[in-house]
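1. Got a predicted structure plus its sequence, pasted below:
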Amino acid sequence: MPADRPHEADNDILGHAWWAVTPERWSLLQFEPAHNEGLPTDRWWKDRRDVLETLILAPGPIDHGFAHYLLDQETQFHRHCWGFSHSIEIAALLLAEHRRPNDIWHLWQAVTTSFDTWCGLPHRLLLAGGGTARTVAYVAGSGHGQRHNLLEHLREIPETTDDDVTALIAERRRHYTELLTELRNVAVQGPQEEDFGPLSKG
């Protein structure tokens, strides 16, 4: 049975603790395709974006299953809609920081979802499982259907060490922490900017 949708004013629901109580609550952030004036959208994209922004502002990592779920919803969202939203990169970062080699298939799916995600997502996140050497070895030894395509692409990415990946994830987390903190401070000081839609270019 799906969880009841909480009241919008309850800020506690944005943090990881509320979502960690039971996976039943995750369905409140599930991708739900819709159309608005003929344009594709997702009924719950704003709720999911708000949760993702709150999660990236807090120390990680979050629950691995929850991180995987969020990236899956964002991947479906970006496949259905046009453009690129920072929300999918945040979801990718939350999964990548677990540093599990087998997560590469979920990250690869996110990267290859559309032209916009291919251009917008940092491809070095694909190496989160241990840098170039360990990641290539893992993919080469797998029987995954995307093995050949992914190996070709990994060999095009500049050699990356495990420390390089650690630094990348930390830098992107810092980027979003600074950006979102600044935006929230502006929102407190004055009226928010008009919301033009679920996806943005850049």
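-> Everything's here; your move.
2. can you give me the strands for this structure?
-> Taking DSSP state E to define them, one finds strands in the chain at 33-36, 39-42.
3. Can I get those strands in TSV including mean neighbour count?
-> No exception for glycine: its C-beta is placed from N, CA and C like everyone else's. Written out in TSV, the entries for the strands of the chain read as follows (neighbours: other C-beta atoms under 10 Å):
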stretch	mean neighbour count
strand 33-36	12
strand 39-42	18
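4. Let's have those strands in CSV, adding distance to residue 150 and mean pLDDT.
-> Putting those into CSV (distance: least, C-beta to C-beta, whole Å; pLDDT from 0 to 100) gives the following:
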stretch, distance to residue 150, mean pLDDT
strand 33-36, 27, 90
strand 39-42, 27, 90
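5. Of all those strands, which one is nearest residue 158?
-> With C-beta to C-beta as the criterion, residue 158 lies closest to strand 39-42 of the strands of the chain, at 34.2 Å.
6. elements contacting that closest one?
-> When contacts are defined as 3 or more C-beta pairs under 8 Å, 6 or more residues apart in numbering; DSSP states H and E, strand 39-42 sits against strand 33-36, helix 64-80.
7. Of those, which shows the lowest average pLDDT?
-> If the helices and strands packed on strand 39-42 are sorted by mean pLDDT, strand 33-36 sits at the bottom with a mean of 90.
8. Does anything pack onto that strand? Which helices or strands?
-> strand 39-42.
9. Show me the contact partners of the strand it packs on.
-> 31, 32, 33, 34, 35, 48, 77, 80, 81, 82, 197, 198 (C-beta atoms under 8 Å, 6 or more residues apart in numbering).
10. The third one: what's it in contact with?
-> Looking back up the chat, that one is residue 33. Applying C-beta under 8 Å, 6+ apart, one finds that residue 33 lies in contact with 40, 41, 42, 43, 80.
11. Pick out whichever of the residues you listed sits closest to residue 176.
-> For residue 176, the closest of the contacts of residue 33 turns out to be residue 42, at 20.5 Å, with distances computed as C-beta to C-beta.
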